[in-house]
Every structure is written in C-alpha cells, then in structure tokens.
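>>> What would the 3D arrangement of this be:
(one chain, ligands or ions: 1)
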Amino acid sequence: MSRITVQTLVFPETSGINFGAAVSNVDIEKLTDADFDVIRDALYAHQVLVFKDQSSVSPRAQFQLTQRFDPAATSYGHGKTLDAKRSILHPDLKTIPHQPQVQVIGNGFVREYEGLKDVTLKHPHHKTFHATAIPAHDDLDFTRFYRWHIDAALYGLAPPVVTTLLAVEVPSGRRQICRYDDGTGDELHVPLGTTAFVSGYTMYELLSDSDKEFARNTRVEYAPHPYIWMSGAKSRSDGLGMLSQGLEVPLDQLPTIEEDKIQILPMCWRNPVTGRLAVQVHPSAVRKLHLANGTVIDNLAEVRDIIHRLQRPGIAPNMVYAHDWEQGDLVLFHNRGVLHSVVGAFAEHEVRLFRQCNVAASHFPEGPEGPEGIAAA
Ligand SMILES: [Fe+2]
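Numbers count the residues shown, from 1 in each chain. Next up, the predicted model:
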C-alpha cells in the first residue's frame, strides 16, 4: 500500500484546462513499487504532476524517478547532440558532471552547484528566436511563449516519455503579460518565468471531425539535425512553429545525414493507459507531411500552415496551464501528451536555478492504432 495522495488541480470555471494534479505524501528518494504504480497511473491520467517541497531530492533520485517510466532508457533525451555548437539548444543547458542525464537550466550567475563551477545561466529570451520581439522598454512587463515543443531530439533518438523539472532557486514575485502578438489580441497573465503546458489531447478534441481524421492518418517527418537545421530560421510570435522565409540551414550544410535516423512519426500519439489520442507535433522541427493516400507534402510553408492551423486552438489562453513555480516544486510531465514552453524575461540579477531530466526512450510512441491493432477513434 502506498500513502501517496493525488489531487486534481482546480481551475476557474471559465478555464479549459483539464489536466494536472498535485501529488503528496511521497518520498522520491525512497520510492516503493506501490508508490511508483500510483505515480504512473496519475501521470497517464493527468499528464502534469506537481510535487511540492522536493528541494532535497538528489540529481540521482530525480534521474531514477524519470527513468522508472522506461527502465531500458539510459541516456539524456538529446544524447550528445547538445555539444554541437550550432544547435539552438546548446546555450541553454549545462550538464551535471556526476549525473549526465540531468541538466541545469535557469538564469544568472551560479558560483557552485553539484560540481558545476562559475556558470552563467541564461533564460532563453524570445528575441533570440522570434522574428519580432517585444520592445525593450516593455520587456519586463510583457513577454511571449518562447517555443512550444516536445522534449525530443527527433533525429535518431526516440522522444522521452516523461520530463522532470525541479525548481531549486526561484526569484520571487513579478508577473508578466504573455502576448500572442498574432492579431487575435490573445494574451495571458503569467507568473515570471512560468513553464506553460497545453494538452495534446485537448488539441485533438478541439479539431473538426475531418481534421481529426486527417490528424489520425497523417505522419509527420522531422528535419535531420532539426535544431541545427532551424537555427537560421525565425519563430512565429506565438512560439508555435517557424515562419517560412527560406532561412533554414541547407541540408548540404548540416552534419552528415544518416537517412535511417530521420523520423517520420504519427501526428497523433496514443496514451498507453487511457487510449486517448494527443496531437503531438514539434511544430518548429516539422519538415514534411505524409498523407494516408501516399501524397507527401514537402512545401515547407504549406506544411507549417497546416500544423499551425491544427495546433493553434489548443494554445488559446484558457487552455494554457502556467505553472507558478515555488522553490522545491518538482514537476513531472508526460512528454508524449503535452506541449510546453519556456516563458518570460528575467533581469540579469534575477537568479533562477532549475534541474531538468529526461531520457531518450527505448521505444517510439504508439500511433492511433496501437500494437494490438485497436483503433482509437
Ligand atoms: Fe522542454
């Protein structure tokens, strides 16, 4: 018997958020099998789990919790691809030397942490990734979704099942207004440095019947070395995919491409416990669409427009869970059922230190038709 309790997060009635739960009475350093069963069931039911007061969790225990969802998985979700200096992910992550599946992310100068010395962390700022930016004089009050994504290499390595984020140090207080800046007037009040989550299941359920059918039957091809490939290109203002201005790094200027590492994944990923379908697409890494009738759409602008049209309703302001980080929060999320985004702009003196962990999975996500051949409509 486990003592763990799981409580669904409660939102105002106007909210469309239908995921998230708080998990209590848990000792992450000493998880029993019964404890893990409760956590696993909760994860696949609620997608995002919040554990309070976990400051003392070691990098090793964080890794072990993360890996327990896929015991055959061992290496960090991006493998060693982060080392590539041209990767857009390179500046954002610092590896903990004694637990290389765990990365330190955040903002500001850190003298010493878990074997890392004198590191300067930089919270990703949308001005480095978006085609346009909030003007500098508004930058402390207004912000944007930096980049909606799945944590995944999308080349060679299979997308991690879960990611854990632990808030070690959180600067207090300010709030910001997150603007979509896409002509809709949409905006969202958020705590400084929130992590924003949306449900891929809701994204699917919001589609029309014909779009659902299209999503169930279409496969998404990702670019080779996607984070280098997209490094020249610029994002839409809502952080949901790239603009098509011909700025991607040409394929012949990428590192050697191994054809068998290129990924063509279902557009809908099936929840292995509930059978529900999530529209799970990393919008900025998409390159081609493979339709049911064998047609391949390879016009990048058209591909991106289709994906954006399908995904955009799912990131409407009332669909976004913006986690209000407190020191010691550990958030475990289902990386195959939600999209997430960094948000916010810190001042240089605002020090924030987080630990992130995921592991490249030992298996690829299931499509609409699972291994038993059961179609989940
Ligand atoms: Fe992420």
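
>>> Stretch 71-79 spans what distance, first to last residue?
Terminal residues of stretch 71-79 are spaced 16 Å apart (CA to CA, to the nearest Å).

>>> check contacts around residue 103.
76, 93, 94, 95, 96, 355, 356, 357 (CB atoms under 8 Å, 6 or more residues apart in numbering). Using the backbone N, CA and C atoms, a C-beta is placed for each residue, glycine as well.

>>> Which of those fall in strands?
Judged by DSSP state E, strands contain the following of the contacts of residue 103: 94, 95, 355, 356, 357.

>>> which non-adjacent residue is nearest residue 347?
Once flanking residues are discounted, residue 347 sits nearest to residue 140: 6.9 Å by CB to CB, 6 or more residues apart in numbering.

>>> Tell me which helix or strand comes right after whichever strand or helix holds residue 198.
Under the criterion of DSSP states H and E, residue 198 resides in strand 195-199. For strand 195-199, the following helix or strand on the C-terminal side (DSSP H and E) is helix 200-205.

>>> okay but residue 311 is in contact with residue 282, surely?
No - here residue 311 does not reach residue 282: they are 10.3 Å apart, not a contact under CB atoms under 8 Å.

>>> Might you report the residue contacts of the residue nearest to residue 355 when sequence neighbours are not counted?
Excluding the flanking residues, the one nearest residue 355 by CB to CB, 6+ apart is residue 166, at 4.4 Å. The contact partners of residue 166, by CB under 8 Å, 6+ apart, come to 54, 57, 62, 329, 330, 331, 354, 355, 356.

>>> what mean pLDDT would you report for the helix or strand containing residue 166?
In this structure, residue 166 is located in strand 162-169 according to DSSP H and E. What strand 162-169 shows for mean pLDDT is 97.

>>> Tell me who's in contact with residue 242.
Residues in contact with residue 242 (CB under 8 Å, 6+ apart) are 230, 233, 234, 235, 236, 283, 284, 304.

>>> So the nearest residue to residue 165 once chain neighbours are set aside, which state does it fall into?
For residue 165, ignoring the flanking residues on the chain, the nearest one in space by CB to CB, 6+ apart is residue 331 at 4.8 Å. Using DSSP: H, G, I helix; E, B strand; the rest coil, the structure places residue 331 in strand.

>>> Quick check: bridge partners of residue 331?
Applying DSSP bridges to residue 331 yields these beta-bridge partners: residue 50, residue 165.

>>> So which bits of the longest strand seen in the chain are buried?
Secondary structure assigned by DSSP E gives strand 102-113 as the longest strand of the chain. By 16 or more other CB atoms under 10 Å, the buried positions in strand 102-113 come out as 102, 103, 104, 105, 106, 107, 108, 110, 113.

>>> ok, now stretch 2-13?
Across stretch 2-13, burial judged by 16+ other CB under 10 Å covers 4, 6, 9.

>>> Apart from its chain neighbours, what residue comes closest to the first one?
If you skip the residues right next to it in sequence, residue 4 has residue 38 as its closest partner in space, 4.6 Å away by CB to CB, 6+ apart.

>>> and if you look at the second one?
Excluding its sequence neighbours, the residue lying closest to residue 6 (CB to CB, 6+ apart) is residue 42, at 4.5 Å.

>>> any idea of the angle the host helix or strand of that neighbour forms with strand 162-169?
Using DSSP H and E, residue 42 sits within helix 33-46. In terms of direction (axes from the mean of the first three to the mean of the last three CA atoms, to 10 degrees), helix 33-46 departs from strand 162-169 by 100 degrees.

>>> distance between helix 33-46 and the chain's centre?
Here the centre of helix 33-46 is set off from its chain's centre by 20 Å, with CA atoms, centre = their mean, to the nearest Å.

>>> Show me where the stretch 151-300 of the chain has its helices.
For the stretch 151-300 of the chain, the helices defined by DSSP state H, counting those that start in this stretch occupy 200-205, 209-217, 226-229, 300-311.

>>> Make a markdown table out of the ones you listed and add mean pLDDT, distance to residue 174 and mean neighbour count.
Below are those laid out as a markdown table (pLDDT from 0 to 100; distance: least, CB to CB, whole Å; neighbours: other CB atoms under 10 Å):
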| stretch | mean pLDDT | distance to residue 174 | mean neighbour count |
| --- | --- | --- | --- |
| helix 200-205 | 98 | 29 | 22 |
| helix 209-217 | 98 | 38 | 16 |
| helix 226-229 | 96 | 30 | 24 |
| helix 300-311 | 98 | 29 | 18 |
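
>>> Indicate which one of these is closest to residue 27.
helix 200-205 (30.4 Å; CB to CB).

>>> Mind giving me the packing neighbours of that closest one?
Where contact means 3 or more CB pairs under 8 Å, 6 or more residues apart in numbering; DSSP states H and E, helix 200-205 is packed against strand 277-279, strand 338-342.

>>> ok, now with 10 Å
If you count contacts as 3 or more CB pairs under 10 Å, 6 or more residues apart in numbering; DSSP states H and E, helix 200-205 packs onto helix 209-217, strand 268-270, strand 277-279, helix 300-311, strand 338-342.

>>> closest to residue 367 out of these?
Set against residue 367 and scored by CB to CB, those come closest in strand 268-270, at 6.5 Å.

>>> What lies in contact with the closest one?
Residues from elsewhere that reach strand 268-270 (CB atoms under 10 Å, 6 or more residues apart in numbering): 150, 159, 200-201, 203-204, 207, 212, 215-220, 276-281, 334-337, 364-371, 374-376.

>>> got it, and stretch 67-76?
With CB under 10 Å, 6+ apart, stretch 67-76 has contacts from 31, 33, 36, 39-40, 43-44, 63-64, 66, 82, 93, 95, 99-103, 153, 157-158, 160-162, 164, 332, 334-335, 356-363.

>>> Going through these, which ones are buried?
The neighbour-count criterion (16+ other CB under 10 Å) marks 31, 36, 39, 43-44, 63-64, 66, 82, 95, 99, 101-103, 153, 157-158, 160-162, 164, 332, 334-335, 356-361 among the contacts of stretch 67-76 as buried.
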